[in-house]
Each structure stands twice: as structure tokens, then as C-alpha cells.
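Asks: Turn this into a model:
(2 chains)
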Amino acid sequence: MQIREGIPGAFVGLAAGLIAGGLAALVGQPLGWALVTMVALGLPLGAFGGGFGLLVAAGKLPAGRFAPVALYWLVAFPLARLIHETVVSLVLTGQVRLPSDLAGFLAYQGIVSLGWAIGFLWLHERIAMRLRMRSAAAAR
Amino acid sequence: MDDPNLVARTEVSSPPEKERFWPAGRLEAMPIRKLPDAPPSIHLLGPTVFLVALGVGMGESYMWPRLVLVFGPDIRWLFLIGVTLQAVVMLEMARYAMATGESIFFGAARVFKPIMWFFFVVAILVYIWPGHLSAGAAALERITGIPWTVSACVGLILVGVLFSLAKVIYNLLENLLSILIGLLVVSTAVVAAMVGTWGDLTSTITGMFQFGYFPAQAMSPEWFPIIVGSIAFAGPSGMQQMWYTLHLRDSGAGMGAHIPKLRGLRHAGEEEQMPSRGYMFDTDDKAELAKWKGWRRWVTFDALLLFWGITMLVTVSFTVLAQSASRTSPDVKALIESGEREAALNAMSDAFASAGGPVLGAVFLGFIALIGLNATLGLFDSFSRGQADMTYHFVPGAKRFRMSHIYAGFLWGVITFGILILLFGPADGPGAILDVLAFLSTFAMGAYCVVLLLVNNRMLPKPIRPKLITNLIIGFGAVFYLGMLLFSLFKFGVVVG
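Replies: Numbers count the residues shown, from 1 in each chain, chains lettered A, B, ... in the order given. Got it, this is the predicted structure:
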């Protein structure tokens, strides 16, 4: 299995964290807050995104269908958000604080994950296709 | 390779030894050619991106959140009907374009040429005004401080230069819009995940299934036309669905693979000769019909997941954001109700800022600017593409020019007119004809439903005609758009809002 199969997914996840943190910095949020958001959201999303690509490459998830992507993110997206919330509270207040209504929080994130999954798939397919074309051209 | 369709064209476009034809209407019959193989489900994210870019606009980000704040989330069942209807319309537009490689305008001309000329004139009347630039450019002004007329004029020229230099316009635009829409969707999901609540989301979603909810206040001359307009603006509005057939053809979907791609002005000389009509495949051949089913599955995936799903996601997210904004800042509700779009957008941005920090206010305006940019890129290309297609095929003598030249003529024409109007005139069009333009835009939607019924049931071979249930839904669409429009006009004396 080639590690580069994970690049498109990792890129999309990291880019989402970068957008969230970058916009925060742009509009004058404290730099620390922006950086924490960037790292605490971008890294988990990037790791899960890269993991998705590797699972597809290994044949553990079928390629070219939406349902597996949606199911994968139904679990992974709420987890990434939970990590984000926990790390932000840990860095800013020094305490690990879980969202007050944990079940409601996870359920809400689970529904939003469907939207995220569409956007993820959209960008992932496009970047992966471009990388495939580039490596095919290089091979020629 | 610049044109992936080229392989398909050279492999399957050469005429067989004994030429066969499909006669459709009174225009030139379509030669029978091979249907290319359909792609696997999502590996060709195609022309839906144009429909999403054009369709996700003010309806989703402003008009529907506004109605939810005024009437409550239960009013959203009308949005569900509007978008679902548009998804079926999209599938039916695709049926004709993929089966023939012709635009729906050509199909309309096969039924009765004046119908096509009606759309030609409506497109000019409705889409020549640069008013659609104002919301996005005004949002950009709030973030950057650059006066909106300056960014709008610069944007217009950039769009013209970009499309003129492109080798294959479709490829450039599809790549560009895909990245922009992808970013919009991913960021919308992340922002909604950070600020929304379970309560907002469940009320927004359950509101979509409160069929029949219609408060007395909505039946007033003030609100009814706005509701009709909002339903018409749920997803693609006006002629956007018709233009989708041109993008579908240029993406090489179905028999579109036999038609050369439109090139930018700088590369116009490389454009192949455009055929004078489309092609049909052999619908008596079982293998060909199996391929056709593959294409239908592909476009259904596009319609349901990408078009319906993304439109729903954006509008649900914006509604959730508007609800959280109105809780923290009650003023926003009054401003939104008042109907001043710019003031309301700014108020929503401020409310987001107070709800989730300044980042949210800017993110909101950034989204509006991005939506405006997507719509503008898509609109200029689509308008020029549609007018060029009709001109090339139906204006006597136009075939002396290449399609790319006619496209460039319309593109630079609408850009020049747009800049002049931005600098010296009313951006939305002269006040006296605003009502006429709004009427025509909604009327065109009812009219294209009628055209779809005629074209798909009379111009296509029987095995690939739509089923009864599809015809009933499209027929309902025609009655729905035209009926609501006329009811609003005669009952309240007001066109759509």
C-alpha cells in the first residue's frame, strides 16, 4: 500500500483546519486561539481524511460510492470535533472539559458530518484524480 | 490531452457504411451513432458543479433563512418541494441533452421555433443586468473596504480575460468552480458544526416535513409574492437549468461526446467544425440501452447527492446560523423582516460576530462573496453559451463564424454593457421594468417545464422517453410555477418578490 494514497484526504482535512484557524487570525482573534483551532481541528480531520484514502487503497472501503464515505465520517467527524473541543478547553482553561450535553453534541456533529462528507468527497476526488494524472504523466 | 472527448468522437463519430437517422420534428434528422460507455458513479464529478454554482445563491443564503425567521422553520416544506422539483427537472433536462448532444434550446426549436426565440429574448432581458454582482461585491467591500463598484468592474474584466484565454472553457471553469464549491461546502459544514445546536438543526429539518403549513400572514400581498419568489429561487432559478444542458454536452456526457468543445477566443482557431445538429443512438440495440441506463444512473447520482444534497446542506446551515443569530441579537429579526437585503446581510454578519466571535461575521460575509463569485462566473459563461448556441444554429449566416467567436461576442457584449450600467445606470435594470423581469424569470421556469414535456415525449424514441410519474411531476411543476405566478398577479396585483 502506498502512503501517497492518503495525501488527498489528509490535505482536505488539514485545509479545513487551516481555513477555520486562518479566518480566526484574519479577523483579529488572539493568535493562540487561532493556532489551537488550526491544529486541534486540522490534525484530527487530516488524520481521518488520510486514513480514509489508505483504507480505500487497501480495499477495506469500496471506491467510487458515497455511502461508505458518509458512514466513515459519521464516526470520524464527531470524534474530530470532540478532540477539537477538548483540546481548545485544555489549552485555554487548563482543564479537560467535555461538551455539557455530550450525546446531543455527538448527534448534532453526526448529522453535520453528512454535509462534510459531500464536500470532502468532492475535493478528494478532484485532488486524487489530478495526482493520478500527474503520476501517470511522470511515468510516461 | 486537452479534449478527452476527442477519443470518443474519433472512435464513434465516423459514419457507419449505411447511414441511419432519427427524425425529430421538422428540423434536420439526427444521424445514429454509438453511445459512449458511462463512467463509474462518482469518478466524473461533472457539470452539476455549474448548477450548484448558479443555484446556491441568495435563495439559500438569504431568502429562506429570512422566511424561517419570519414564519418559523415549518415553512421550509415549501423549500423541500421547490428543490426536489428542480432535481427532477435537472434529470429531465439531462435526458434530452445526453440522448442527443443537443441543448434544450435546440430541442425547443424542433418542437416550434418561436418557443426557442422566446427564451433567446428572455435571456437577454433578464440576464444582461449586472445586479447579481452587487451582493457578493458589497460583502467583499465590508471585509476589505474596496468600493463594490470597483471590485465588480475589475471582476467583470477578469472574467472576460480568463474565458478568452482559456484553451477549453469548460475544463477551466469546471476546475475553478469545483474548488470554490468544494471549499464552500467544507467550510459551511465546519462552521455549522462549531456554532449550531441540536435544537436549531432538528427544528430546521422537521420543518421541512410540515406539509400544508401556511400561516394567514403568508397569504398577504406583502408576503405571498416573496414566498412564490423564494420557491422559484430554491435551487437554480430562471433559465439556469436550460444552460445546464450545454454544460452537460461540453462535459462529454452521453451523446455530447460527439460534439466538439467550446474554446476560448485565443484558441478559437483550434475548434473543430460544429455539427449542424445532434446525434441519436440506436435505441433498438440492447447493449446501447444498457449503456444508456448507466448514464442515467450517473446523472441521478449527480442530481440527488451533489445537487440536492449540497443545496440542502447550504440552506440548512444558513438557516441554523440565522436562528442562532436572531437569538443573540433580536434586532436582526426586525432588519431581516424589513427586506433591506444589504442591511439584513450586514445585520446577520454582526449577529454571527456576537454569537461566535468576529470570525463568524467575516466568515458569513466571505461566504456571501464566494457565492456571488461562483454565480457570476457561472452566469456569464452560461448566458454567452446559450445565446451563442441559438445564434450559431438558427441565425442565418451565423455559421460563417466559429462558435467560439459568437460566444466571445456575447461574453464581451454583456461585460461591456455590465460595466456601463454599473458606472452610469441602475444595476438591477430600469425600475419601471423590474416587475416585468421578475415575471419573465419565473414564467420561463413554468415554460421550460412545458418544453420538457413536449421535447422528451415527442422528440425522443419511445424506449428512452420519461415514465408517467416523471411526466406528472414535470406537469405539476408547470402548473405550480405558472399557477402561483398568475395567482399572485391577479389576487394581489404583485409579481414575485
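
Asks: Now B:Thr245: closest residue in space, sequence neighbours ignored.
Replies: Nearest residue to B:Thr245, sequence neighbours excluded (CB to CB, 6 or more residues apart in numbering or on different chains): B:Ala97, at 3.8 Å. For the C-beta atoms, the positions are set from N, CA and C on the backbone; glycine is no exception.

Asks: Revised request: answer the last question for B:Phe417.
Replies: Counting by CB to CB, 6+ apart, the residue nearest B:Phe417 is B:Ile128, at 5.8 Å.

Asks: need the contact list for the one you found.
Replies: The contact partners of B:Ile128, taken as CB atoms under 8 Å, 6 or more residues apart in numbering or on different chains, are B:383, B:414, B:417-418.

Asks: Can you point out the helix or strand that includes B:Trp117?
Replies: For B:Trp117, the host element (DSSP states H and E) is helix B:113-127.

Asks: Report all helices and strands that that helix contacts.
Replies: In terms of contacts (3 or more CB pairs under 8 Å, 6 or more residues apart in numbering or on different chains; DSSP states H and E), helix B:113-127 is packed against helix B:104-111, helix B:358-394, helix B:434-458.

Asks: tell me what the first one is packed against?
Replies: So the one you mean is helix B:104-111. Where contact means 3+ CB pairs under 8 Å, 6+ apart, helix B:104-111 is packed against helix B:77-100, helix B:113-127, helix B:240-250, helix B:358-394, helix B:434-458.

Asks: Could you show which parts of chain A are in contact with chain B?
Replies: Applying CB under 8 Å from any CB of the partner chain, we find that chain A lies next to chain B at A:12, A:15-16, A:19-20, A:23-24, A:26-29, A:41, A:64-66, A:77, A:81, A:101, A:104-105, A:107-109, A:111-116, A:118-123, A:125-126, A:129.

Asks: Report pLDDT for A:Gly53.
Replies: A:Gly53 carries a pLDDT value of 90.

Asks: so the helix or strand hosting it versus helix B:358-394, what angle?
Replies: Using DSSP H and E, A:Gly53 maps to helix A:31-57. Interaxial angle, helix A:31-57 versus helix B:358-394 (axes from the mean of the first three to the mean of the last three CA atoms, to 10 degrees): 50 degrees.

Asks: related to what we said a few turns ago, buried deepest among the helices and strands packed on helix B:104-111, which one?
Replies: helix B:240-250 (a mean of 27; mean count of other CB atoms under 10 Å in any protein chain shown).

Asks: quick one: buried residues of the next helix-or-strand element following that helix?
Replies: Downstream of helix B:240-250, the first helix or strand assigned by DSSP H and E is helix B:286-301. For helix B:286-301, the neighbour count (16 or more other CB atoms under 10 Å in any protein chain shown) marks B:288-289, B:291-292, B:294-296, B:298-299, B:301 as buried.

Asks: circling back to that earlier point, elements contacting the helix holding A:Gly53?
Replies: Applying 3+ CB pairs under 8 Å, 6+ apart, one finds that helix A:31-57 contacts helix A:7-26, helix A:66-93, helix A:102-139.

Asks: what mean pLDDT does the second one have?
Replies: Read it as helix A:66-93. 88.

Asks: For the contacts of B:Ile128, could you give me TSV that also reports secondary structure and pLDDT?
Replies: Formatted as TSV, those follow (DSSP: H, G, I helix; E, B strand; the rest coil; pLDDT from 0 to 100):
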residue	secondary structure	pLDDT
B:Phe383	helix	93
B:Val414	helix	92
B:Phe417	helix	92
B:Gly418	helix	88
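
Asks: For the residues you listed, which single residue is the most surrounded?
Replies: B:Gly418 (27 neighbours; other CB atoms under 10 Å in any protein chain shown).

Asks: And what about the residue of the stretch 201-350 of chain B found nearest chain A, helix, strand or coil?
Replies: Proximity of the stretch 201-350 of chain B to chain A (CB to the nearest CB) peaks at B:Leu313, 3.8 Å away. Under the three-state scheme (DSSP: H, G, I helix; E, B strand; the rest coil), B:Leu313 adopts helix.

Asks: was I right about the residue nearest to B:Thr245 contacting B:Gly254?
Replies: Yes: if you go by CB atoms under 8 Å, B:Ala97 and B:Gly254 touch, sitting 7.1 Å apart.

Asks: where do the contact lists of those two overlap?
Replies: With CB under 8 Å, 6+ apart as the test, B:Ala97 and B:Gly254 both reach B:Leu248.

Asks: before we move on, the earlier item: now the contacts of B:Ile128 in a markdown table, with distance to B:Leu262?
Replies: As requested, the contacts of B:Ile128 are exported to a markdown table (distance: CB to CB, whole Å):
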| residue | distance to B:Leu262 |
| --- | --- |
| B:Phe383 | 13 |
| B:Val414 | 16 |
| B:Phe417 | 21 |
| B:Gly418 | 21 |
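
Asks: ok, so of these, who is nearest chain A?
Replies: B:Phe383 (25.3 Å).

Asks: got the contact list for the closest one?
Replies: B:123, B:127-128, B:243, B:410, B:414.

Asks: Next, B:Trp308: secondary structure please.
Replies: Secondary structure, three-state DSSP: B:Trp308 is helix.

Asks: Just the pLDDT for the nearest residue to it once chain neighbours are set aside.
Replies: Spatial nearest neighbour of B:Trp308, excluding adjacent residues (CB to CB, 6+ apart): B:Ala87 at 4.7 Å. Reported pLDDT at B:Ala87 in the predicted model: 91.

Asks: Spell out which parts of the stretch 101-250 of chain B neighbour chain A.
Replies: B:175, B:178-179, B:181-194, B:196-198, B:201, B:205.

Asks: what about 7 Å?
Replies: For the stretch 101-250 of chain B, the contact set with chain A under CB under 7 Å from any CB of the partner chain comprises B:178, B:182, B:185-190, B:192-193, B:196-198, B:201.

Asks: Rebuild the residues you listed as TSV, extending it with secondary structure, neighbour count and pLDDT.
Replies: Shown next, in TSV, are these (DSSP: H, G, I helix; E, B strand; the rest coil; neighbours: other CB atoms under 10 Å in any protein chain shown; pLDDT from 0 to 100):
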residue	secondary structure	neighbour count	pLDDT
B:Ser178	helix	21	76
B:Gly182	helix	25	80
B:Val185	helix	27	80
B:Val186	helix	23	82
B:Ser187	helix	21	78
B:Thr188	helix	27	77
B:Ala189	helix	26	81
B:Val190	helix	26	79
B:Ala192	helix	26	76
B:Ala193	helix	25	78
B:Gly196	coil	23	73
B:Thr197	coil	16	74
B:Trp198	helix	16	77
B:Leu201	helix	21	77
